[in-house]
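1. Quick one, what's the 3D model for this:
(2 chains)
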Protein chains: 2
Amino acid sequence: MLEAVVVGAGPSGIGVSIILQKMGVKFTVLDRNNVGSSFLKWPKQMKLLTPSFFSNTFKMIDLNAITYDTSPALTLQTEHPSGQEYAAYLKKLAEHFKLPIQGNTNVDSVTKNGDVFTIKTNKGEIKTKYVVWAAGEFQYPKIHSFPGSKYCTHNSLITNWENVEGDEFFVVGGYESGMDTAINLAARKKRVLIIDKDNLLNSEDIDPSRTISPYTKDRLRKVNTDNLIEFHTGKVIRVEKENDEYVIFTEKKKLRSKTKPILATGFKGSLSLIKGLFDWEDGKAQLNSYDESTKTPGLYVTGPMLQSHNMIFCFIYKFQQRFAVVANNIGIKLSKDVTVIEQYKKEGMYLDNLEDAKDECAC
Amino acid sequence: MLEAVVVGAGPSGIGVSIILQKMGVKFTVLDRNNVGSSFLKWPKQMKLLTPSFFSNTFKMIDLNAITYDTSPALTLQTEHPSGQEYAAYLKKLAEHFKLPIQGNTNVDSVTKNGDVFTIKTNKGEIKTKYVVWAAGEFQYPKIHSFPGSKYCTHNSLITNWENVEGDEFFVVGGYESGMDTAINLAARKKRVLIIDKDNLLNSEDIDPSRTISPYTKDRLRKVNTDNLIEFHTGKVIRVEKENDEYVIFTEKKKLRSKTKPILATGFKGSLSLIKGLFDWEDGKAQLNSYDESTKTPGLYVTGPMLQSHNMIFCFIYKFQQRFAVVANNIGIKLSKDVTVIEQYKKEGMYLDNLEDAKDECAC
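-> Residues are numbered from 1 along each chain as shown, chains lettered A, B, ... in the order given. Below is the predicted model:
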């Protein structure tokens, strides 16, 4: 029997695994594809929203790093890595730390009996004492947001903006992914109307998870000099198809589009597969202060799934701070040598008191 | 008599002053112009090299912030503020904290007699117990780097790249300011040869102060698709003028230029005015672990002058970590309430052990 299984080989799975490896935990990492494969599915033009800079030596970890002593800025020599580039960084780390990755493995179910978890996969059954759920969200687009959403295309399914045909587009959702969609279209001289119930550009909220990043605002200012991008504030009620046209009904207006409306509605959590293993409150899986399920001890959640949110990619700089918290808790329970955690604390990559973050959203 | 005088109302002067103000120190800030005025002299197109992002709530202070609870990314809504924008951020803070700024005041000399400093200015004499030297460097371009440098123009004197005439340029110096010069020229379809004794683009050094920033590398890749920018590795020996041409002699080659060579040779320290107040070793003013002169107790140095370097702007994220160290030391000596320092420590803006920075250059 294994001591731990990490599900998902994205930034959070790799980040936690590196610490488990250093502690000498007997574990494996399962991924339905391979290291960083969700990032490989990003549209070619999409970049991380948080800037990378190698300031680690002054205890300000690169915002996109998953260990205190590495930096995508150093490895990739760019400030906003593309999905392709970021996957290369993750792969490099997985290889450097010789992580036990088991790719092409689909998890079908997770159950717990006594103190033992049984994970059923397409490659057979695995038994383990602890499970770290680090499956991301990019593979679960939110596509059923309103009646008629089947007539729309989710932005995550567009792999290259060069190939999109049409002159005028309607984008449902004005968060980061909606803005990114609009910017890519406007850069190709297409007109875009962004529809959202909130006006996020003028939001007074200071939490980066609930507002538009400076990177996106800079890009928007640059691309939108001809006002190709416009905004409509109003909730979308439904979409209908009339002959060759799509009709978008918002609470205020009826809009006609010749092109398929684009859904920039974000992603669902990846916890649905194991939802029975959590207590739920207000749509949030209940976790203790070590990010362990209150209902199923031994099951930890890490990464953008920590709490609910609306972002295309809930920032790495937030969940990177919790890797060592989770690994430490597992290490202690397994009676491992956890001195490596001291280094994480010293280097500023261990945030155990989320109250300190003065921020409702922990991810 | 004042308890303290801060010389310079740039990021380091304002950053330290805010803490002194909170401690109730009786002090004043002198500036030869006004808050952030050096930044107002930056070329219109020049931006801070370090990216701003509001990650403060996760103890990763905005790299360009001067307090733990403010962020240029939030205030200015951009990732790479221009000089103009950054000056606005500084001004906003100076006003918010009601700092006692005395502008248009030129310091002529600083002397110490017993425990008292006398600062002579164009507006009269000031007596004080402590001095914080926070004068920047941007006003002191290095223009006498080699014989014939008088035939060249220092890049800091070019206020707008739109106005530069000519088709081909030779830039002496391949650090950040040389790269910035070349990028601005190439963006206007001019050919540029960068001359430097080192090839900094391929430097293996990981310290951001001794290599080229990701921001600059990204810009370079973007602008240099037509290879308008080229590099010559070789030290410049001298420059001569022959009729209408400038002849640049490097250790390897003789280059002819129709346009004035551009010096991107960086800046001298601003410590020259008070050099007698320091012990010097290897060209560096000797300071104790509180950044206080070993020769003249009570005189502190903060900002990019902390140690010698070659950058156009030695990064804010480095020297921001020392504001509270200096202020704390002064506060304790003045028997002030220094509890505010605890907050700086808690929020990750207090780096007292520079050994931890694993980095020779402390600024």
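2. For chain B, what's the nearest residue on chain A?
-> residue A:51 (3.4 Å; Cβ to the nearest Cβ). Quick note: C-beta positions are derived from backbone N, CA and C, even for glycine.
3. I'd guessed that residue sits against residue A:62; true?
-> No. The pair residue A:51 and residue A:62 does not pass the contact test of Cβ atoms under 8 Å, sitting 9.0 Å apart.
4. Between the two, point out the one with more neighbours.
-> Neighbour comparison, residue A:51 and residue A:62: the larger count goes to residue A:51, with 30 against 26 (by other Cβ atoms under 10 Å in any protein chain shown).
5. re the thing from before, host element of the residue of chain A closest to chain B?
-> In this assignment (DSSP states H and E), residue A:51 forms part of neither any helix nor any strand.
6. Return the set of buried residues in stretch A:141-158.
-> For stretch A:141-158, burial by neighbour count (16 or more other Cβ atoms under 10 Å in any protein chain shown) applies to A:141-143, A:145-146, A:148-149, A:151-156, A:158.
7. That one: end-to-end distance?
-> For stretch A:141-158, the first and last residues are 12 Å from each other (Cα to Cα, to the nearest Å).
8. Just the C-alpha atoms of stretch A:192-208, please, in PDB.
-> In PDB, the C-alpha atoms belonging to stretch A:192-208 read as follows (Å, rounded to 0.1, in the frame of the first residue of the first chain):
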ATOM      1  CA  VAL A 192     -16.500  42.600 -29.800                       C
ATOM      2  CA  LEU A 193     -19.300  43.200 -27.300                       C
ATOM      3  CA  ILE A 194     -18.600  41.800 -23.900                       C
ATOM      4  CA  ILE A 195     -21.800  41.000 -21.900                       C
ATOM      5  CA  ASP A 196     -21.600  40.600 -18.100                       C
ATOM      6  CA  LYS A 197     -24.000  41.300 -15.300                       C
ATOM      7  CA  ASP A 198     -21.200  43.200 -13.500                       C
ATOM      8  CA  ASN A 199     -18.900  45.900 -14.800                       C
ATOM      9  CA  LEU A 200     -15.600  44.400 -13.700                       C
ATOM     10  CA  LEU A 201     -13.300  46.900 -15.300                       C
ATOM     11  CA  ASN A 202     -14.500  49.500 -12.900                       C
ATOM     12  CA  SER A 203     -14.800  47.200  -9.900                       C
ATOM     13  CA  GLU A 204     -13.600  48.700  -6.700                       C
ATOM     14  CA  ASP A 205     -12.700  45.200  -5.300                       C
ATOM     15  CA  ILE A 206      -9.000  44.900  -4.500                       C
ATOM     16  CA  ASP A 207      -8.800  41.100  -4.500                       C
ATOM     17  CA  PRO A 208      -7.000  40.100  -7.800                       C
END
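9. is chain B contacted by that stretch?
-> Yes. Counting by Cβ under 8 Å from any Cβ of the partner chain, chain B is contacted by stretch A:192-208 at A:206-208.
10. Poorly predicted segments of chain A, please.
-> Within chain A, the stretches with pLDDT under 70 are A:138-139, A:305-314, A:354-363.
11. any idea where the helices of it begin and end?
-> Under the criterion DSSP state H, helices of chain A are mapped to A:11-23, A:37-40, A:72-76, A:83-96, A:176-186, A:214-223, A:316-319, A:323-333, A:340-346.
12. how about the ones you listed in JSON lines, adding mean neighbour count and distance to residue B:115?
-> JSON lines is the format used below for these (neighbours: other Cβ atoms under 10 Å in any protein chain shown; distance: least, Cβ to Cβ, whole Å):
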{"stretch": "helix A:11-23", "mean neighbour count": "26", "distance to residue B:115": "52"}
{"stretch": "helix A:37-40", "mean neighbour count": "22", "distance to residue B:115": "61"}
{"stretch": "helix A:72-76", "mean neighbour count": "24", "distance to residue B:115": "46"}
{"stretch": "helix A:83-96", "mean neighbour count": "19", "distance to residue B:115": "55"}
{"stretch": "helix A:176-186", "mean neighbour count": "25", "distance to residue B:115": "57"}
{"stretch": "helix A:214-223", "mean neighbour count": "18", "distance to residue B:115": "47"}
{"stretch": "helix A:316-319", "mean neighbour count": "26", "distance to residue B:115": "46"}
{"stretch": "helix A:323-333", "mean neighbour count": "23", "distance to residue B:115": "48"}
{"stretch": "helix A:340-346", "mean neighbour count": "16", "distance to residue B:115": "38"}
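13. tell me which residues in the longest strand seen in chain A are buried?
-> Across chain A, the longest stretch assigned as strand under DSSP state E is strand A:124-133. By neighbour count, and taking 16+ other Cβ under 10 Å as the criterion, the buried residues in strand A:124-133 are A:126, A:128-133.
14. Partner strands of it and their direction?
-> Strand partners for strand A:124-133, identified by DSSP bridges, are recorded as strand A:2-7 (parallel), strand A:116-121 (antiparallel), strand A:299-301 (parallel).
15. what about that strand, distance to the chain center?
-> Here the centre of mass of C-alpha atoms in strand A:124-133, compared against the chain's by Cα atoms, centre = their mean, to the nearest Å, lies 22 Å away.
16. how about the residue nearest to residue A:16 when sequence neighbours are not counted, what does it touch?
-> On the basis of Cβ to Cβ, 6 or more residues apart in numbering or on different chains, the spatially nearest residue to residue A:16 that is not a chain neighbour turns out to be residue A:323, at 4.8 Å. Contact criterion Cβ atoms under 8 Å, 6 or more residues apart in numbering or on different chains gives A:12, A:15-16, A:18-19, A:66, A:302, A:344, A:349 as the residues in contact with residue A:323.
17. How about residue A:36?
-> Counting by Cβ under 8 Å, 6+ apart, residue A:36 makes contact with A:9-11, A:14, A:86-91.
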